[in-house]
Structures are given as structure tokens and as C-alpha cells.
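> predicted structure and sequence below. I'll ask about it afterward.
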Amino acid sequence: MSGLLCQWQGILSPTHIYGVPGLGLGESSHSPCPFNLISLPLVPTGAVGLYNIGLSCCLNSLLQVFFMNTHFTMILRRIRVPKLHAEQRRSVPYQMLLLLEEMQRSKENAVHPQKLARCLTANNLKLFIQHDAAQLFLLLWNLIKNQITDCQLADWLSMLYTIQIQEYLVCQECSFETRRNSKMLTLPLPVLTHNSRQLNTLEDSLRCFFQSEQLTDNNMCLCEKCEKKTPCLQGMRLMCLPQTLTLHLNRFYFRKPNLTQKISFSLSFPQSLDFNQILTQEQCHSDAKEKADWQYELFAVVAHSGSASSGHYCAYIRSLTDCKWYCFNDSSWCVVDSCPTLHWASLEVK
Ligand SMILES: [Zn+2]
């Protein structure tokens with residue numbers, strides 16, 4: 001598969017990551033999460049690779065993205081160690097912590113992630129197959145979140161990664177509006193418009209994602225007030241963005257039931273992103289204080305090269321401690337120039 005995952009880090013003081021209303025976190029009873037206090041380098045040299053243990057380039061790339069995020073590793077370092085050996089072997093966060101520590105101690109260029117792989121297999125996560133980065137990210141994140149036994153740490157993890165949106169449906173005959181708040185781990189962005197036109201920039205893709213849609217004819221919805229199916233306006237409003245924001249570009253489409261094709265063209269990618277410059281007032285459902293934090297710097301890109309059915313993933317990640325860009329390609333890694341999006345774009349153009 002050929003999804004492309006990119007992560008962004010909030011550049012302003014991440015005060016909005018605690019006490020966020022609506023997350024059900026019992027805001028006032030929790031101590032603030034000290035995300036902005038932690039600044040631990042991965043290793044003095046900045047990076048250690050992960051050996052490919054069989055079609056594991058996607059897993060390796062995602063693990064590097066987790067481990068290079070010091071906000072995430074701060075949470076990982078605080079987990080309770082399971083008491084029994086059997087529990088330790090099955091605990092994804094604990095096995096990730098062990099791998100992280102092994103990478104930090106290692107004098108080698110790379111380490112083997114077998115114990116974590118066995119743990120993931122024990123948790124019914126299929127390895128040794130081609131993965132889609134966004135799907136695997138969701139599976140991994142859910143395993144981590146569900147297995148962190150300390151509620152406060154689990155809450156911090158949610159706050160670090162969870163996007164909050166409001167879905168709405170407005171009846172075009174009586175203006176009655178139905179709303180539903182929901183949480184997402186990634187924003188799945190289109191690379192084509194509804195009429196299959198190519199989108200040229202990430203900003204255009206975000207605007208397209210938040211654009212409302214007219215539901216008419218066969219797509220009409222039941223209005224509670226009119227008590228019949230009516231034409232509706234359907235859309236989403238952005239409510240809250242996390243410190244670590246994950247965007248996912250849908251670069252594959254289904255031509256026939258069994259034929260997935262990759263969409264390959266260049267889509268320009270900014271280094272910094274300000275949602276206030278991209279979305280309209282109507283596309284946001286937040287106060288000015290929340291929106292002031294909606295400014296991001298590109299942190300990581302998990303890029304796929306190859307076709308929809310086969311290929312290779314590598315990760316470009318900006319270290320939060322030395323601010324250099326690294327390219328992780330399984331067991332090898334290197335420092336790359338300050339503009340990894342150029343590398344990314346060259347992978348895309350076929
Ligand atoms: Zn109505």
C-alpha cells in the first residue's frame with residue numbers, strides 16, 4: 001500500500017495539551033503534562049537504525065518516528081513495568097521502552113527489534129506483510145494506549161496525538177443542524193478533489209478535506225424536524241489540534257475490487273503550517289486561545305516508494321534536540337539537508 005504519513009509539532013508553548021475540555025480527562029484533577037520540559041536526546045550521536053526483520057520497513061519507520069518524539073518518550077519512560085515475565089513479553093509499551101533503551105546503549109549502527117516484533121505478533125498484529133503506514137500507526141498507537149495502565153499517562157498520550165473535530169449536517173429546507181463531536185488520530189487528506197482534479201499543495205488538500213458537501217438526490221438524509229429525507233449540507237469543523245499532529249495523504253485508490261493503484265504526482269509541502277491561514281472561520285469551532293496554538297513545524301515524513309502492492313518505506317525525521325534532519329532507512333541512517341521535503345517530492349514523481 002502507499003499511504004504517506006507526516007507529523008507536525010506545535011511550535012508555540014504547548015499549554016493546550018493539558019486541561020482540554022471535552023477529552024473527559026478530569027482536567028482540574030490532573031497535574032499539567034510537562035511535555036515542554038523534556039529534552040532527552042535519543043543517543044549522543046542522534047540516531048540508531050533498526051534491522052529489517054522481513055517486510056518491516058514500515059514498522060521500523062514508525063518506531064523511529066515514535067522514538068524521536070521526546071514528548072512521546074517522556075510518557076514511555078514513565079510507564080509501570082509489568083510484574084510478571086509473561087506480562088512483560090506481551091506489553092507493547094514495555095517492549096518499546098526496552099528497545100528504546102537498547103538503542104540508546106548501543107554502540108552499533110543498528111539494533112534488531114525482534115522482541116518487540118514477537119510482542120506485536122502475540123497481540124495479533126500481523127507482521128511480515130506489506131503495511132500501510134497510516135493503518136499500522138493506528139494499530140500500534142491503539143496497542144500502546146490500551147496497554148498503558150496508568151490513566152494519567154494514557155490521557156497524556158491521547159492529548160499528545162488526538163485531533164478533535166465536529167461533524168455537522170444541516171437540513172437545507174428547515175436549517176436544522178445535527179452535530180457530533182469525534183476524535184481522530186490522523187487527518188486522512190485527499191490528493192484529488194471530488195471531481196478527480198489534482199490538488200497541488202498540502203494546504204489545498206486540507207481545504208478540500210474541510211470543505212462542506214451538498215447531499216442531494218439519492219444522498220439526501222433524514223431530517224428529524226422535517227421527518228423526511230431532505231437535501232443536506234455535510235461537513236466538518238476543527239475543534240482542537242494536538243501537540244503532535246499527524247496528517248495522512250491518501251495516495252491510493254481502488255480501480256476495481258482487487259486492483260489498488262498508487263496516485264503519483266508531486267504535491268508541495270510547506271515546512272511550517274498555520275491552520276488559521278488555511279481554514280475559514282466557519283471551518284473552525286474553537287476559541288481564539290485554542291486557535292493561537294495551531295501553528296506547526298514539520299517533524300517527520302514517512303514516505304513510500306514503489307507501487308501500491310510493493311515498495312519500501314523510510315522516515316525523514318527532524319530531531320527535536322539537535323534540530324537536524326535524519327533519514328532512517330531500516331538499519332542505515334544519515335543526516336540529510338535541511339529540506340527533506342525535496343527528497344520526499346523526488347520520491348513521488350514517477
Ligand atoms: Zn429539515
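Structure's in. What do you need? Residues are numbered from 1 along each chain as shown.
> who are the contact partners of the spatially closest residue to M184 that is not a sequence neighbour?
Spatially, and ignoring its direct neighbours in sequence, M184 is nearest to I163 (4.7 Å; Cβ to Cβ, 6 or more residues apart in numbering). Every residue, glycine included, has its C-beta placed from N, CA and C. Contacts for I163 (Cβ atoms under 8 Å, 6 or more residues apart in numbering) come out as 183-187, 238, 240-242, 245.
> quick check: next helix or strand after the host helix or strand of E102?
Following DSSP states H and E, one finds E102 within helix 92-105. Heading C-terminal from helix 92-105, the first helix or strand you meet, by DSSP H and E, is strand 110-111.
> packing partners for the helix or strand hosting C208?
Using DSSP H and E, C208 maps to helix 202-209. With contacts taken as 3 or more Cβ pairs under 8 Å, 6 or more residues apart in numbering; DSSP states H and E, helix 202-209 sits against strand 187-190, strand 244-250, helix 275-278.
> how about those, which one is nearest V48?
strand 244-250 (21.1 Å; Cβ to Cβ).
> quick one: mean pLDDT for that closest one?
Across strand 244-250, the average pLDDT comes to 90.
> likewise stretch 81-92?
96.
> can you give me the end-to-end span of that stretch?
Taking Cα to Cα, to the nearest Å, the first and last residues of stretch 81-92 lie 11 Å apart.
> what residues does it touch?
Stretch 81-92 is contacted by residues 94-95, 115-116, 118-120, 122-123, 140, 143-144, 147 when judged by Cβ under 8 Å, 6+ apart.
> distance from that stretch to the middle of the chain?
With Cα atoms, centre = their mean, to the nearest Å as the basis, stretch 81-92 stands 27 Å off its chain's centre.
> list the buried residues for it?
82, 90-92 (16 or more other Cβ atoms under 10 Å).
> same deal with stretch 130-145?
Using 16+ other Cβ under 10 Å as the test for burial, stretch 130-145 gives 130-134, 136-141, 143-145.
> ok, stretch 279-290 next?
By neighbour count on 16+ other Cβ under 10 Å, the buried set for stretch 279-290 is 279, 283-286, 290.
> looking at this protein, which helix or strand is least sure?
Within the chain, confidence by mean pLDDT, DSSP states H and E is lowest for helix 340-348 among all helices and strands, at a mean of 44.
> the residue of the stretch 251-350 of the chain found nearest the ion - nearest residue in space that isn't next to it in sequence?
Relative to the ion, the nearest point of the stretch 251-350 of the chain is E282 (19.8 Å; Cβ to the ion). Of all residues not flanking E282 in the chain, R237 sits nearest, at 7.5 Å (Cβ to Cβ, 6+ apart).
> circling back to that earlier point, so the residue of the stretch 251-350 of the chain closest to the ion, which of the three states?
helix (DSSP: H, G, I helix; E, B strand; the rest coil).
> and the helices in this protein, which stretches?
Taking DSSP state H to define them, one finds helices in the chain at 57-67, 70-76, 85-90, 92-105, 114-122, 133-147, 151-161, 202-209, 275-278, 288-292, 340-348.
> deepest-packed of those, please.
Among the helices of the chain, helix 57-67 has the highest mean neighbour count (mean count of other Cβ atoms under 10 Å), at a mean of 24.
> what does it contact?
Contacts of helix 57-67 (Cβ under 8 Å, 6+ apart): 5, 7, 42, 49-50, 52, 72-73, 96, 99-100, 103, 113, 116-117, 120, 127, 130-133, 136-137, 140, 300, 302, 312-315, 317, 328-330.
> and that helix, how far out from the chain middle?
In terms of Cα atoms, centre = their mean, the gap separating the centre of helix 57-67 from the centre of its chain is 12 Å.
> verify the stated contact: R78 with A154.
No - R78 lies out of contact with A154 (Cβ atoms under 8 Å); the separation is 11.1 Å.
> re the thing from before, so can I have TSV of the contacts of stretch 81-92 showing distance to the ion?
Shown next, in TSV, are the contacts of stretch 81-92 (distance: Cβ to the ion, whole Å):
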residue	distance to the ion
Y94	52
Q95	53
K115	57
L116	52
R118	55
C119	52
L120	48
A122	51
N123	46
L140	42
L143	43
I144	43
Q147	45
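> dump the residues you listed into TSV; add distance to C174 as well.
TSV is the format used below for the contacts of stretch 81-92 (distance: Cβ to Cβ, whole Å):
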residue	distance to C174
Y94	54
Q95	55
K115	59
L116	55
R118	58
C119	54
L120	51
A122	54
N123	49
L140	45
L143	45
I144	45
Q147	47
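> mind checking how far M68 is from L279?
28 Å (Cβ to Cβ, to the nearest Å).
> mind listing what L199 touches?
L199 neighbours (Cβ under 8 Å, 6+ apart): 190-193, 205, 208, 267.
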